[in-house]
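Chemist: Here is my input; please provide its structure:
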Amino acid sequence: MDMQTVIQVSSISKHYGANKAVDKVSFQVRKGELFGIVGTNGAGKTTLLEMMMGLRMPDKGAIHVLGRDVLFEADLLKEDIGIHLQSTTLIDKMNVREALELFQSFYKRKNDLDMIIKQFDLEPYADKIVKRLSGGWRQRTALAIALVNDPHIIFLDEPTTGLDPAAKRDYWSLLLELKRQGKTIVVASHDMEELQRNCNHIAVMRRGEMVACDSPAALISNLPGGGMTMEAVYMHYAVESKKDEQHRPILITDESINALNLLM
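Modeler: All right, here's what the predicted structure looks like:
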């Protein structure tokens with residue numbers, strides 16, 4: 001892994017019985033990149049993110065993040081990464097400042113909470129209960145939580161789902177500012193327009209496999225028959241045809257796996 005490569009994923013696989021959640025996936029993310037991951041529900045995006053974060057171990061292959069082997073150094077890695085919560089349920093009854101203080105207490109390295117609150121324009125909401133905030137401000141709070149340990153890399157899983165267009169634009173503006181500050185950002189998202197506009201590279205997942213990975217411009221220009229947008233890339237690579245569906249085995253989705261884990 002060279003000096004500029006902060007994430008190296010090498011032939012990783014994660015299977016649940018006969019179901020291939022992630023199958024022989026390899027790629028790298030360079031320092032300061034905004035790296036996107038796209039795919040339909042159940043394509044393996046969440047499982048892939050969780051393995052990079054050290055929350056789930058691969059069955060085969062290797063992952064190195066910031067030079068650390070995730071398989072053996074997951075506990076040390078948590079100090080260097082930030083994670084955007086998919087759900088705010090854990091903090092719904094807290095106010096914004098309490099939520100930031102709680103999550104900061106989990107880390108040795110501390111960021112300046114007043115600076116974070118100011119950066120995210122959360123000053124008017126610092127003493128407000130998270131549950132009572134609008135969707136956009138809840139997601140903004142969740143992103144602020146991901147920065148309490150001043151991480152080098154931030155992982156985001158569908159952070160703008162359910163937000164209105166204005167809130168989505170505001171959220172992506174925050175991500176671009178973090179990128180300008182030198183943060184590396186890995187985001188799984190369905191916001192094709194924003195991914196096309198803002199990502200350095202995008203990986204396309206389909207049934208556990210990475211079927212394409214390149215810059216948005218290259219992905220678009222390489223479409224057979226031509227194409228103009230990431231939406232066309234998504235439809236070509238990620239969405240299965242009717243013929244494919246007829247021969248597709250039943251797969252356990254990321255959401256199903258997480259639900260089963262809660263019951264076990």
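
Chemist: Could you grab the helix/strand/coil label for Leu223?
Modeler: Here Leu223 is coil, with the state taken from DSSP: H, G, I helix; E, B strand; the rest coil.

Chemist: if I pick it, what's in contact with it?
Modeler: With contacts taken as C-beta atoms under 8 Å, 6 or more residues apart in numbering, Leu223 has the following neighbours: Ala232, Val233, His236. C-beta here means a position set from N, CA and C on the backbone, and glycine is covered the same way.

Chemist: Kindly provide the distance from the last one to Cys213.
Modeler: It stands for His236. Applying C-beta to C-beta, to the nearest Å, one obtains 14 Å for the distance of His236 from Cys213.

Chemist: And the first one, by the same measure?
Modeler: Distance check for Ala232 against Cys213: by C-beta to C-beta, it reads 17 Å.

Chemist: between the two, who's got more neighbours?
Modeler: Neighbours around Ala232 and Cys213, counted as other C-beta atoms under 10 Å, are more numerous at Cys213. The numbers are 19 against 16.

Chemist: What backbone torsions are found at the more buried one?
Modeler: Cys213 adopts backbone torsions of phi -160, psi 120, taken as degrees, to the nearest 10.

Chemist: who's in contact with the residue nearest to it when sequence neighbours are not counted?
Modeler: Using C-beta to C-beta, 6 or more residues apart in numbering and skipping residues adjacent in sequence, the residue nearest Cys213 is Ala203, 4.3 Å away. Contact partners of Ala203, counting by C-beta under 8 Å, 6+ apart, are Phe27, Phe35, Gly36, Ile37, Val38, Met210, Ala212, Cys213.

Chemist: Output the longest helix belonging to this structure.
Modeler: Assignment by DSSP state H gives helix 165-180 as the longest helix of the chain.

Chemist: where does the stretch 51-200 of the chain dip in pLDDT?
Modeler: Scanning the stretch 51-200 of the chain for pLDDT under 70 picks out 85, 87-88.

Chemist: Let's see that with 80 instead.
Modeler: Counting by pLDDT under 80, the ranges of the stretch 51-200 of the chain that qualify are 85-90.

Chemist: the strands in it, which residues?
Modeler: Using DSSP state E, counting those that start in this stretch, the strands assigned to the stretch 51-200 of the chain run over residues 60-65, 68-69, 81-83, 153-157, 184-188.

Chemist: Figure out how far the second one is from the centre of its chain.
Modeler: Mean-position distance between strand 68-69 and its chain equals 19 Å (C-alpha atoms, centre = their mean, to the nearest Å).

Chemist: What strands line up against it, and which way round?
Modeler: In the sheet containing strand 68-69, its partner strands are strand 60-65 (antiparallel), by DSSP bridges.
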